[in-house]
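S.K.: here you go, sequence then predicted model.
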Amino acid sequence: MVEVVVTGIGATSPLGGTARDSWTALLAGQSGVRTLEHDWIAEREIPITFAAEVAVKAEDVLERREIKRLDPSAQLALISAREAWADSGLEGIAPERILVDYATGIGGLWTLLDAWDTLREKGPRRVLPMTIPMLMPNAAAAAVSMELEARAGARTVVSACASGTESIANAYEHLQLGLADVVVAGGTESVVHPLPIAAFAAMQALSKRNDDPARASRPYDVDRDGFVLGEGAATLILETREHAEARGARIYAELAGGAVTSDSYHITAPDPEGGGASRAVLQALEQAGAGPEDVGHINAHATSTPVGDIAEYHALYSVFGEYVKQIPISATKAATGHLLGGTGALEAVFTVLALHERTAPPTINLDNQDPEIPLDVVTSPRTLPDGPLLALSNSFGFGGHNAVVAFRSN
């Protein structure tokens with residue numbers, strides 16, 4: 001088996017405009033969830049008035065021409081990919097040996113709906129000629145591949161909230177197969193828009209805590225009442241260990257394995273027993289050549305929904321048994337909200353940094369832990385032990401998509 005390592009990270013999130021700023025805010029127990037200050041909240045009578053928008057707006061980072069030619073989801077992807085590439089120190093790589101696998105859950109929604117409004121209000125002549133390239137779900141992967149001149153492939157995963165993690169699992173396979181020496185993997189989402197908020201609210205999926213947004217996302221708490229919509233992007237630079245060591249790269253961690261399964265149960269609800277999720281965990285561990293007893297940290301999917309949190313617990317218990325109560329578990333959506341297709345990539349970055357810095361990040365807003373979920377939830381930054389350490393990052397999405405990646409300390 002080829003060893004795969006992480007040599008670069010990047011992110012733009014509700015907590016910060018870079019991976020490091022996001023990590024620092026996460027460790028400080030900050031929340032990226034805020035009341036929305038948009039006219040459309042009142043105009044459209046949107047019932048949920050808060051979300052987790054990015055801390056640093058894309059227009060403050062990108063050039064005007066890039067803003068005009070890219071949907072917000074692709075803008076965020078480009079920002080995080082540039083950071084990750086610079087962080088990796090890569091240069092002089094043959095373009096035919098660089099591959100992009102970049103995910104989204106929904107894609108260019110802002111572009112699509114703005115164009116529909118233009119068509120209805122101003123007619124077809126006013127619809128922008130770049131509309132289709134901007135709204136395509138693969139627009140982020142295309143933008144990143146053109147930025148980095150990656151010619152081994154530009155692939156796109158669209159698997160709801162498992163998308164970002166699935167792209168990282170795919171990257172592991174690409175490198176095992178020798179399709180590239182370097183894979184740029186990640187996920188992005190930017191759909192803090194009246195339609196998705198109204199639609200998620202109609203499903204009773206969102207928290208209703210309009211009066212206390214910073215405390216609305218509360219995984220594992222008995223008073224959890226739904227997830228908080230977030231936005232952002234995150235990117236990992238993955239290489240074979242041989243390639244990374246030959247160029248003297250800094251290595252954050254090893255990507256030891258990744259797995260994808262499906263529930264075939266319900267279009268929105270997870271399998272209540274977590275059968276598909278537990279199979280993904282076991283398969284990721286098998287790829288990593290590890291057993292349940294080797295896991296020392298988990299970044300859980302933990303969306304703060306009454307049904308989802310307990311289903312994930314059942315999945316973990318079926319794999320780890322009573323040992324699961326000894327594993328430090330972080331539920332970082334409490335701070336970031338749920339980035340949909342971008343969430344797995346951001347949480348993978350957090351998992352890599354947890355291993356690299358030997359610190360499990362905190363889960364905020366946990367005041368009264370659900371007795372039906374007796375996990376060891378980290379509520380303040382916790383030092384992880386020295387020595388070899390394996391960590392998991394879990395993502396599960398509508399449609400029964402399950403994706404789990406395993407990282408090992410370097």
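M.R.: Structure received. Numbers count the residues shown, from 1 in each chain.
S.K.: helix, strand or coil for residue 184?
M.R.: On the three-state scheme (DSSP: H, G, I helix; E, B strand; the rest coil), residue 184 is labelled strand.
S.K.: tally of neighbours for it?
M.R.: Residues lying near residue 184 (other Cβ atoms under 10 Å) number 31. From N, CA and C alone the C-beta is placed, and that goes for glycine too.
S.K.: so who does it touch?
M.R.: 81, 84-85, 98-102, 144, 148, 150, 235-238 (Cβ atoms under 8 Å, 6 or more residues apart in numbering).
S.K.: neighbour-wise, which one of those leads?
M.R.: Neighbour counts for these, by other Cβ under 10 Å, peak at residue 235, which reaches 37 neighbours.
S.K.: quick revisit: for residue 301, state which of the contacts of residue 184 is nearest.
M.R.: Nearest to residue 301 out of the contacts of residue 184 is residue 236 (Cβ to Cβ; 18.0 Å).
S.K.: any idea how far residue 123 is from that closest one?
M.R.: From residue 236 across to residue 123, the span is 44 Å (Cβ to Cβ, to the nearest Å).
S.K.: do the same with residue 319
M.R.: 57 Å.
S.K.: can you map out the helices along the stretch 1-150 of the chain?
M.R.: 19-27, 39-43, 64-69, 72-88, 109-122, 131-135, 139-148 (DSSP state H, counting those that start in this stretch).
S.K.: would you convert the ones you listed into CSV that also reports distance to residue 178 and mean pLDDT?
M.R.: Converted to CSV, those look like this (distance: least, Cβ to Cβ, whole Å; pLDDT from 0 to 100):
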stretch, distance to residue 178, mean pLDDT
helix 19-27, 28, 98
helix 39-43, 49, 97
helix 64-69, 33, 96
helix 72-88, 20, 98
helix 109-122, 36, 97
helix 131-135, 31, 98
helix 139-148, 19, 98
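S.K.: which of these sits most buried?
M.R.: Counting by mean count of other Cβ atoms under 10 Å, helix 72-88 has the highest mean neighbour count of the helices of the stretch 1-150 of the chain, with a mean of 26.
S.K.: higher neighbour count, residue 319 and residue 123?
M.R.: Comparing residue 319 with residue 123 by other Cβ under 10 Å, the one with more neighbours is residue 319, at 20 against 9.
S.K.: show me what contacts that one?
M.R.: 278, 281, 282, 285, 292.
S.K.: top of the residues you listed by neighbour count?
M.R.: That'd be residue 281 among the contacts of residue 319, by other Cβ under 10 Å, with 26 neighbours.
S.K.: quick check: which element contains it?
M.R.: Using DSSP states H and E, residue 281 falls within helix 275-287.
S.K.: got a list of what residue 157 touches?
M.R.: Residue 157 neighbours (Cβ under 8 Å, 6+ apart): 101, 102, 103, 104, 163, 164, 166, 167, 170, 187.
S.K.: most surrounded residue in these?
M.R.: residue 187 (40 neighbours).
S.K.: quick one: that one is in a helix?
M.R.: No: applying three-state DSSP, one finds residue 187 to be strand, outside a helix.
S.K.: centre of the chain versus stretch 300-309, how much separation?
M.R.: Relative to the chain's own centre, stretch 300-309 is displaced by 15 Å; criterion: Cα atoms, centre = their mean, to the nearest Å.
S.K.: span of it from start to end?
M.R.: Using Cα to Cα, to the nearest Å, one end of stretch 300-309 lies 9 Å from the other.
S.K.: for stretch 214-222, measure first residue to last.
M.R.: First residue to last in stretch 214-222 (Cα to Cα) measures 17 Å.
S.K.: all set, thanks.
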